[in-house]
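Colleague: Got a sequence here, can you model it:
(one chain, ligands or ions: 2)
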Amino acid sequence: MLSVHLCVVSMALAEELFTDDITLLGGTFTSFLPEEAAIQVAAPNLPDSPLRDQQLAGFSIFHRRNGRREGLGPVFVHSGCGQCHTGNGKGLVRLDRSGKRPGSMIIKVSLRGLNDDGSPRDLPRIGEQLQPLRLRRKRFVRNRRVRRPPRIRWSGVAGEFPDGEKYRLREPRLRFRVRGIRNGDIVASLRMTPGLVGMGLLEAIPEAQILEWSDPEDLNGDGISGVPNYVPEQRSGEMKIGRFGFRGSHPTLEEQSAAAAFFDMGITSSIFPGRGLRADGDTPELSESDLEILTLYQAFAGVPDARNQGDPEVQRGKVLFQEIECSACHKMNVTTEHPTEPLLSGETIHPFTDLLLHDMGPDLADERAEFSATGSEWRTTPLWGLGHLPTVSRRKQRYLHDGRARSLQEAILWHGGEGAASRDRYKELSRSDRAALLAFLRSL
Ligand code: HEC
Ligand code: HEC
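Modeller: Ligands and ions are numbered 1, 2, ... in the order given. Have a look, this model is predicted:
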């Protein structure tokens, strides 16, 4: 019986196998510049125009180190976008230990439960993110409201493949204390800095397509549902699909950027003007035009090319990726349609995400819900650029929302919940098939 069943499944899949060449991961945004440059410099299709000049101007805003003059602080995590997103890539998995040297991870915090509108409940006198540093004159000193610099303790988790090969994973435990609030009342979510690849194109994945991929009741019975996170767009007050952040917290690139300026650096903008204790005055510290340029910089940066697509091992990995249904969430092909920007529309792209939330099981979960996303739901991480990011990150790259995975294989082995069946199929592959799948991921 079982073999008949398997045969039907693989035949159904065979018909749908996506075999197009994916070298141009970002359509005409694909850049053949080396590594770091590919994802920073304007995409090759961007005409010589004021837009191109703005993209270039955005580079310096993104990569500068901010000080008081630029509005840094009073409290913050780090001093510049590019200080965490080094070379636009992933950040180091490291917290500030000394109280003086900024780390590039963030810790989202709130009180247990949600507000009536579904938003997390801010910690009194702290807000929604720990900001362990404070600016005193020109020096970084500890923010005393965070009682001790947060720390990560790693513990090992052992596992085994069906063929007997053993592996060892590691899991973080986060520790911190906030003055005046009991630890039991606080829920927290640790995040590493993700790489920024194809941000404008992610904004251009049509809403109708995302909803078509979504299958909340799992009607097709594949064990994978996928739901959008609906979050308020600050500018309009409307509920929109959250596309950015590991839990889909922000609907647009502009709002994600303004949120980063505010929560990571204490820099106010028209979207996050600051309130209560953190109000820094009425004029936004990040001007409207600088926010626009910062957004354009990311939206129109290039997407790296996929490499070695003719290599037989990579090709085999690409088939396996679909056969074991990684592609059920990491969607391989979509045509863009941006709501306002024609240049970002009509591109055939291969982002390897559905931008939906999936329940990834208890092992990856934390307790901090965010709007419709529960603590075990995560947005499918785009996989384009995966093979380029190690060079950008100087070989210190880590994977998953909290950077617990030290290799691509570890990232796969942590998949639980809706991803468990796919992970188990990976574990059942032969050694050489596993290697082929990983070679395919590294080609992206
Ligand atoms: C302290 C380190 C840090 C700084 C500084 C920082 N970021 Fe981030 N960035 C992160 C982390 C961590 C996330 C993941 C957030 C989440 O999961 O909600 C992120 C997420 C993002 C995303 C969403 C990526 C995706 O795949 O959805 C964008 C875009 C972004 N940051 C842009 C910026 C910009 C622009 C700045 C400067 C204004 C900035 N960041 C400053 C750490 C940082
Ligand atoms: C049910 C949907 C789903 C399926 C199926 C799935 N993934 Fe994922 N994948 C996710 C989500 C969600 C994340 C983010 C999890 C996190 O950060 O904790 C992720 C993260 C990853 C990452 C880490 C990327 C990074 O930069 O951090 C890799 C690599 C990955 N998946 C590869 C695979 C492969 C290979 C398969 C098939 C064996 C697969 N995934 C199957 C949803 C899925």
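Colleague: Mind pulling up the pLDDT for residue 389?
Modeller: pLDDT recorded at residue 389 is 88.
Colleague: Name all residues that make contact with it.
Modeller: Listed by Cβ atoms under 8 Å, 6 or more residues apart in numbering, the contact set of residue 389 reads 89-90, 195, 397. All C-beta spots, glycine's among them, are computed from the backbone N, C-alpha and C.
Colleague: Provide a PyMOL selection command restricted to the buried entries of the residues you listed.
Modeller: With 16 or more other Cβ atoms under 10 Å as the criterion, this PyMOL line picks the buried residues out of those:
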select buried, resi 89+90+195+397
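Colleague: helix, strand or coil for the closest residue to ligand 2 within the stretch 1-150 of the chain?
Modeller: Here the residue of the stretch 1-150 of the chain nearest ligand 2 is residue 90; by Cβ to the nearest ligand atom that distance is 7.2 Å. When classified by DSSP: H, G, I helix; E, B strand; the rest coil, residue 90 comes out as coil.
Colleague: and residue 94, how many neighbours?
Modeller: For residue 94, the neighbour count with other Cβ atoms under 10 Å is 16.
Colleague: distance of it from residue 223?
Modeller: 36 Å (Cβ to Cβ, to the nearest Å).
Colleague: ditto for residue 311
Modeller: 32 Å.
Colleague: Enumerate the residues of this protein near ligand 1.
Modeller: Proximity of the chain to ligand 1, by Cβ under 6 Å from any ligand atom, involves residues 77-78, 81, 83-85, 104, 106, 191-194, 196, 199, 244-247, 249, 253, 256-257, 260-261, 264-265, 294, 298.
Colleague: which of the residues you listed count as buried?
Modeller: Using 16+ other Cβ under 10 Å as the burial test, the residues of the chain next to ligand 1 include 77-78, 81, 83-85, 104, 106, 191-194, 196, 199, 244-247, 249, 253, 256-257, 260-261, 264-265, 294, 298 as buried.
Colleague: These in strands, which ones?
Modeller: Among these, the members found in strands (DSSP state E) are 106, 191.
Colleague: which ones among the buried ones among the residues of the chain next to ligand 1 are found in helices?
Modeller: Those of those mapping onto helices are 81, 83-84, 199, 253, 256-257, 265, 294, 298, per DSSP state H.
Colleague: What's the nearest residue in the stretch 151-300 of the chain when you look at ligand 1?
Modeller: residue 245 (2.7 Å).
Colleague: Contact partners for that residue?
Modeller: With contact set as Cβ under 8 Å, 6+ apart, residue 245 has these partners: 191, 256, 379.
Colleague: okay if I get these as TSV plus pLDDT?
Modeller: Output for the contacts of residue 245, formatted as TSV (pLDDT from 0 to 100):
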residue	pLDDT
191	98
256	98
379	98
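Colleague: Looking at those, spot the one nearest residue 339.
Modeller: Taking Cβ to Cβ as the measure, residue 339 sits nearest to residue 256 out of the contacts of residue 245, at 15.7 Å.
Colleague: Thought residue 358 was touching residue 416, still the case?
Modeller: No: using Cβ atoms under 8 Å, residue 416 is not in contact with residue 358; the gap is 10.1 Å.
Colleague: who's more crowded, those two?
Modeller: Between residue 416 and residue 358, residue 358 has the larger neighbour count (other Cβ under 10 Å), namely 21 against 16.
Colleague: And the more buried one, its phi and psi?
Modeller: With angles defined as degrees, to the nearest 10, residue 358 sits at phi -130, psi 140.
Colleague: Quick check: chain neighbours aside, which residue is closest to it?
Modeller: Spatial nearest neighbour of residue 358, chain neighbours left out: residue 418 (4.5 Å); criterion: Cβ to Cβ, 6 or more residues apart in numbering.
Colleague: Same question for residue 213.
Modeller: Residue 213 sits nearest to residue 354 (Cβ to Cβ, 6+ apart), 4.4 Å away.
Colleague: Distance of that neighbour relative to ligand 1?
Modeller: From residue 354 across to ligand 1, the span is 13 Å (Cβ to the nearest ligand atom, to the nearest Å).
Colleague: circling back to that earlier point, looking at it, the residue of the stretch 1-150 of the chain closest to ligand 2 is touching residue 197, isn't it?
Modeller: No: using Cβ under 8 Å as the test, residue 90 is too far from residue 197 to be in contact (10.2 Å).
Colleague: Show the pLDDT at residue 14.
Modeller: Looking at residue 14, its pLDDT stands at 45.
Colleague: before we move on, back to that, reformat the ones in helices among the buried ones among the residues of the chain next to ligand 1 as a markdown table; add distance to residue 43.
Modeller: Conversion of those to a markdown table gives the following (distance: Cβ to Cβ, whole Å):
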| residue | distance to residue 43 |
| --- | --- |
| 81 | 19 |
| 83 | 24 |
| 84 | 23 |
| 199 | 11 |
| 253 | 15 |
| 256 | 19 |
| 257 | 18 |
| 265 | 26 |
| 294 | 17 |
| 298 | 11 |
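Colleague: ok, those residues vs residue 156, which is closest?
Modeller: Each of these was scored against residue 156 by Cβ to Cβ, and residue 84 proved nearest at 27.3 Å.
Colleague: For that closest one, give me its contacts.
Modeller: Contact partners of residue 84, counting by Cβ under 8 Å, 6+ apart, are 77-78, 91, 104, 193, 264.
Colleague: And for residue 103?
Modeller: Per Cβ under 8 Å, 6+ apart, neighbours of residue 103: 77-78, 92, 94-97, 132.
Colleague: For residue 94, see how far away it is.
Modeller: Residue 103 is 5 Å from residue 94, where distance means Cβ to Cβ.
Colleague: residues from this structure in reach of ligand 2?
Modeller: 224, 246, 324-326, 328-330, 358, 360, 364, 378, 380-381, 383, 399-401, 408, 411-412, 415, 418-419, 422-423, 426, 441.
Colleague: out of the residues you listed, which are buried?
Modeller: Among the residues of the chain next to ligand 2, those buried by neighbour count (16+ other Cβ under 10 Å) are 224, 246, 324-326, 328-330, 358, 360, 364, 378, 380-381, 383, 399-401, 408, 411-412, 415, 418-419, 422-423, 426, 441.
Colleague: mind listing which of those are in helices?
Modeller: Residues of these located in helices (DSSP H): 408, 411-412, 422-423, 426, 441.
Colleague: ok, of those, which one's closest to residue 164?
Modeller: residue 426 (15.8 Å).
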